[in-house]
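>>> Turn this into a structure:
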Amino acid sequence: MNNNKTVFISAPFFPPSAMPPAQRVRLLVSHLHEFGWKPVIFTVDQYYREEAADPWMVEITGNRFEKIEVKAWDQRKTRKFGLGDLGIRMFYNLYHSILKQAKKERPALILYPVPPWYIMVMAPMIKKATGIPYIIDFIDPWLYPTNLKDFKTIISQRLARLLEGRSVRDSDAIIAVSQGILDDLITRNPTISEKLMVAVPYGVEASDYEAIHVKREIGQIVTIRYTGAISENMLIVVNTLLKAIKIVSKTLPIRVIFTGTSYAGIGLAKPMMTELISSTGVADFVSEYPNRVSYREALEINKSADMQLLIGDTTPYYAASKLMGLVASGVPFFAWVHEDSFPAKFLEELNYPLCMVYRTEELGTEEKIAQLAKALLNNLLNRDKFVPVSLENPVFNKYTAQAMTKTFVDIFQKIS
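Prediction:
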């Protein structure tokens, strides 16, 4: 007999991980019980992770779920051969664990949040063996525009083109953090256009920020902070930003700090912006710290800033996992985002004033740099007049963790 209220979630990244996919699943499992659903999490033992453990993530996730941990190939050995991808390293054990439990418990469905993307490959295999429907949740696209020509990137993207098709075609529904990701999937796989496909942006748990209490230093130097990864497709956006910041620095004493700019794990992180910082001549007041920090530390860093930054990339589908958190923080943040992206449209609907949009072809032009510098300076000078977004705002409330979970549950009900 099918257990209509049990959902298996394949979550290689799960607390104590604080990576974006772990945050997405953590928000889900914190609320699924409110809608009568029981989540069973399949993840990997912390020993096999490359990111640091975050105890606070475990604390705020709660215990309203069942967790099954599996082993993986040891990265301390596989890294010697250039293999670090968690999805590959745990594939065999994850596949057999989910398959065994699915045959035993007969869940209503299986959810595969990705990345890591290679776990998508097992989805149609398990469905064929059990008949249990599945959903893929694209937190990031597997195929993406890149100028990198290294062997690893070329092979990875070729495998993605080869393997993505069957996984999405055999799925029973597809979720993504932005509509742009879904549109790109349909372009590559036209036959999926009739499937249930829903854009579900990242939600936020406002209580995370209520637990953070910091004293903001008041001084002559204005502190601007960005916390999060800087990807290849963000570099040209950051380049324009740094040139604008340089202009601002001639009028206002500032320091700009980028933290956690690399996706890499412990001991593997390398600066992403060294060349940009040097070429734009901002090294005196712009610093980069590539190592990722804990979730709580990230919130403390952001709440201590005079102003935070939200930075988009060159793709319209970039959804910015930190967006709702920045709104919930109550601290002023300046958004510099693609005009067709979800963050741009959401902030416009919210009537958020500290936002400037761009088209990719405008990046790096003298006119856009000057416009950005003027907007930044004006907002920094008037930061004390900033009025935080009300957490009761109906536009914001559409994207709480609970609202996000409700959307997932509505999709679960339709396919189970």
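
>>> who touches stretch 120-136?
Residues outside stretch 120-136 that contact it (Cβ atoms under 8 Å, 6 or more residues apart in numbering): 91, 94-95, 98-99, 102-103, 106-112, 114, 142, 163-164, 166-168, 170-175, 411-412, 415-416. (Each C-beta comes from the backbone N, C-alpha and C, glycine too.)

>>> Now do the end-to-end distance for it.
End-to-end distance of stretch 120-136 (Cα to Cα, to the nearest Å): 7 Å.

>>> how does this protein divide up, domain by domain?
What automatic domain parsing lists as the domains of the chain is 3-203+400-415, 207-385.

>>> Can you redo these as JSON lines, where the extra columns are mean pLDDT?
Formatted as JSON lines, those follow (pLDDT from 0 to 100):
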{"stretch": "domain 3-203+400-415", "mean pLDDT": "95"}
{"stretch": "domain 207-385", "mean pLDDT": "94"}
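
>>> Out of these, which gets nearest to Asn393?
domain 207-385 (6.9 Å; Cβ to Cβ).

>>> returning to that earlier point: just the buried residues out of the contacts of stretch 120-136, in PyMOL syntax.
For the buried members of the contacts of stretch 120-136, the matching PyMOL selection, counting by 16 or more other Cβ atoms under 10 Å, is:
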select buried, resi 91+94+95+98+99+102+107+108+109+110+111+112+114+142+164+167+168+170+171+172+173+174+175+411+412+416
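
>>> So which of the contacts of stretch 120-136 belong to strands?
Pro107, Ala108, Leu109, Ile110, Leu111, Tyr112, Val114, Ala173, Ile174, Ile175 (DSSP state E).

>>> Ile174 contacts Leu196, doesn't it?
Yes. In terms of Cβ atoms under 8 Å, Ile174 counts as a neighbour of Leu196; the distance is 7.4 Å.

>>> Let me see the contact set for Thr405.
Contacts of Thr405 (Cβ under 8 Å, 6+ apart): Leu27, Leu28, Ser30, His31, Leu32, Glu34, Phe35, Gly203.

>>> May I see the buried residues of the longest helix that the chain contains?
Counting by DSSP state H, the longest helix found in the chain is helix 151-169. By neighbour count on 16+ other Cβ under 10 Å, the buried set for helix 151-169 is Ser156, Gln157, Ala160, Glu164, Ser167, Val168.

>>> would you turn the residues you listed into JSON lines with distance to Ser10?
What follows is those, written out as JSON lines (distance: Cβ to Cβ, whole Å):
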{"residue": "Ser156", "distance to Ser10": "20"}
{"residue": "Gln157", "distance to Ser10": "22"}
{"residue": "Ala160", "distance to Ser10": "18"}
{"residue": "Glu164", "distance to Ser10": "16"}
{"residue": "Ser167", "distance to Ser10": "12"}
{"residue": "Val168", "distance to Ser10": "15"}
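
>>> Just the closest of these to Gln371, please.
Proximity of those to Gln371 was ranked by Cβ to Cβ; the top entry is Gln157 with 34.7 Å.

>>> Excluding covalently adjacent residues, which one is nearest to the closest one?
Excluding the flanking residues, the one nearest Gln157 by Cβ to Cβ, 6 or more residues apart in numbering is Leu143, at 6.4 Å.

>>> Please identify which pair of the ones in strands among the contacts of stretch 120-136 lies farthest apart.
Ala108 and Val114, at 20.1 Å, using Cβ to Cβ across the ones in strands among the contacts of stretch 120-136.
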